[in-house]
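1. build me a structure from this.
(one chain, ligands or ions: 2)
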Amino acid sequence: MNANEIILLKYGEIVLKGLNRNKFNQLLEKNVRRALKKADGEFRTEYAQSILFVRGAEGSDMDAAFALLKKVFGVATVCRGLECEKDMDAIRAVLREHADGLLGAARSFKCEAKRSDKQFPLKSPEICAVCGEELLEACPHLRVDVHDPEVTVTIEIRDRAAVVHGVREHGAGGIPVGSEDRAMLLLSGGIDSPVAGYMTAKRGAELDAVYFETPPYTSEAAREKVISLARKLAEYAGTIRLHSVNLTEVQQAIAANCDERLFTLLLRRFMMRCAERLAVQADAVALVTGESIGQVASQTMRSIASTDDAVTLPVLRPCIGLDKEEIVVRARQIGTFEISTLPYEDCCVLFTPRHPNTRPVLDDVRAEEAKLDVDGLVERAVRTDRVLRVW
Ligand code: ATP
Ligand code: MG
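-> Ligands and ions are numbered 1, 2, ... in the order given. Here you go, the predicted structure:
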């Protein structure tokens, strides 16, 4: 029997007023093709009637393609199907052979026919009747439920071929990366910032990321971990330019001159300033962090306000209202948790004050910082920027 595997993507809702349907479709198709480059094989895409059809040349890795396409933002549902000759015998043979895959664990189903080729000899209800019978014979434990089926098996009679598909899975949702501007993610090796990056990309933003290291207090292994995190994020966000910036001099200057209770906050302000400088160079219009209110001393509302005071770009904090546990659930879902929990030191951990000030007064923070050559420190730190493209 001659049937080819095919993947069908149903697009999500177009939520952006400024982006018309055509642009949205083109962007999403471009992102789909880019994702498919990571799978072995050659793939073609075709958009028709609100569905993107993905076909692989002989020997292409359709399993890998399916897994990759589940991570493309803007896709509402993903479904595997089969394409065969436009002939009822061929269609029945496909149904018989692939009944398990088409129906999954469902106990009830219905058939639905779409007949865009109006020359096809059978009408839609007749196609459904024949196909339903075939599936019932192949899987006698099933029943037909036309009102509330667990799975709908769709038989499409298209111009050149017939396509049969069943169980649908959720796509990544969101809107296509590139439908928004670029954002600069402050990516530590922790659990929260990768989730924040994921959530921002899900709403269409392209990402640059910056990691601040303080060698020799932080190791090359800690940087490798952040690179792995960026790679994992890139599965969703597309290409990410990952910047690494050396903050050792800044950290030493703070440690030598400032009030210990404000160490973390002052360091965070330097991070924000450096990130902002790189953001402007990268044409990014916002900064993104993984902060959530009250999670640690440097994330009380007052501390967050003092952090924001150092920059003028808007700072997005998608995790702001999530509990740690909720963030962990998401980190597990997207596959960053296992990487984030690898045991490498974070520059802030090595520099944590014993009694941090959780209610910093902005004037005090500014006064402490005025003891330092802020511009010079930022300038020299930004010059250490090393960029790595991950995708
Ligand atoms: P995360 O799990 O993301 O590290 P966290 O709960 O450990 O967050 P903090 O260490 O207080 O929180 O950091 C708050 C935010 O500041 C992080 O989410 C991240 O966006 C940014 N940040 C902290 N350390 C770094 C770093 N070394 N490099 C880049 N960004 C950082
Ligand atoms: Mg951290």
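
2. ramachandran coordinates for the residue in the stretch 201-350 of the chain positioned nearest to ligand 1?
-> Closest contact between the stretch 201-350 of the chain and ligand 1, by CB to the nearest ligand atom, is at Gly290 (2.7 Å). To be clear about C-beta, it is placed using only N, CA and C from the backbone, and glycine gets the same treatment. Per-residue torsions, Gly290: phi -100, psi 20 (degrees, to the nearest 10).

3. quick one: buried residues of stretch 367-381?
-> Under the neighbour-count criterion of 16 or more other CB atoms under 10 Å, stretch 367-381 has Glu368, Glu369, Leu372, Val374, Leu377, Val378, Ala381 buried.

4. residues making contact with the helix or strand encompassing the last one?
-> Right, the one you point to is Ala381. Per DSSP states H and E: Ala381 is located in helix 374-383. Residues outside helix 374-383 that contact it (CB atoms under 8 Å, 6 or more residues apart in numbering) are Val245, Asn246, Leu247, Glu249, Val250, Ala253, Phe270, Arg273, Cys274, Arg277, Leu278.

5. in those, find the pair that's most separated.
-> Longest distance between any two of the contacts of helix 374-383 is 19.9 Å, between Ala253 and Leu278; criterion CB to CB.

6. which positions in the stretch 51-200 of the chain make contact with ligand 2?
-> When proximity is defined as CB under 5 Å from the ion, the stretch 51-200 of the chain approaches ligand 2 at Ser188, Gly190.

7. what about the helices in the stretch 51-200 of the chain?
-> Remark: helices assigned in the stretch 51-200 of the chain by DSSP state H, counting those that start in this stretch are 62-69, 88-103, 124-138, 192-202.

8. make a markdown table from the ones you listed and add distance to Phe109, mean neighbour count and mean pLDDT to it.
-> Formatted as a markdown table, the helices of the stretch 51-200 of the chain follow (distance: least, CB to CB, whole Å; neighbours: other CB atoms under 10 Å; pLDDT from 0 to 100):
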| stretch | distance to Phe109 | mean neighbour count | mean pLDDT |
| --- | --- | --- | --- |
| helix 62-69 | 21 | 18 | 96 |
| helix 88-103 | 6 | 19 | 95 |
| helix 124-138 | 7 | 17 | 96 |
| helix 192-202 | 32 | 26 | 98 |
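
9. for Arg231, which of these is the nearest?
-> Short answer: helix 192-202, nearest of these by CB to CB, at 10.7 Å.

10. next secondary structure after that closest one?
-> Following helix 192-202 toward the C-terminus (DSSP H and E): strand 206-213.

11. the longest strand in this protein is where?
-> strand 162-173 (DSSP state E).

12. that older thread, quick one: buried ones out of the contacts of helix 374-383?
-> Counted by 16+ other CB under 10 Å, the contacts of helix 374-383 give Val245, Asn246, Leu247, Val250, Ala253, Phe270, Arg273, Cys274, Arg277, Leu278 as buried.

13. nearest to ligand 2 among those?
-> Here the nearest of the buried ones among the contacts of helix 374-383 to ligand 2, counting by CB to the ion, is Leu247; it sits at 13.5 Å.

14. just checking, that closest one touches Phe212?
-> Yes - with contact defined as CB atoms under 8 Å, Leu247 counts as touching Phe212 (4.6 Å).

15. circling back: tabulate the helices of the stretch 51-200 of the chain in CSV, adding columns for distance to Ser50.
-> Compiled in CSV, the helices of the stretch 51-200 of the chain are given as follows (distance: least, CB to CB, whole Å):
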stretch, distance to Ser50
helix 62-69, 16
helix 88-103, 21
helix 124-138, 18
helix 192-202, 21
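
16. contacting residues for Thr154?
-> Neighbours of Thr154 in contact, by CB under 8 Å, 6+ apart: Cys111, Glu112, Ala113, Lys114, Val163, Val164, His165, Gly166.

17. Serialize these to TSV and add fields for pLDDT.
-> As requested, those are exported to TSV (pLDDT from 0 to 100):
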residue	pLDDT
Cys111	97
Glu112	96
Ala113	96
Lys114	94
Val163	95
Val164	97
His165	96
Gly166	93
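
18. and those, which are buried?
-> Here, 16+ other CB under 10 Å leaves Cys111, Glu112, Ala113, Val163, Val164, His165, Gly166 buried among those.

19. turn the buried residues of stretch 367-381 into TSV, columns for pLDDT and distance to Arg317.
-> Formatted as TSV, the buried residues of stretch 367-381 follow (pLDDT from 0 to 100; distance: CB to CB, whole Å):
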residue	pLDDT	distance to Arg317
Glu368	96	24
Glu369	97	22
Leu372	98	26
Val374	98	23
Leu377	98	25
Val378	98	22
Ala381	98	23
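
20. now, the most widely separated pair of those residues?
-> Longest span within these, CB to CB: Glu368 and Ala381, 18.2 Å.

21. if we can go back for a sec, minimum distance to ligand 1: which of the helices of the stretch 51-200 of the chain has it?
-> Closest among the helices of the stretch 51-200 of the chain, once you apply CB to the nearest ligand atom, is helix 192-202, at 3.2 Å.
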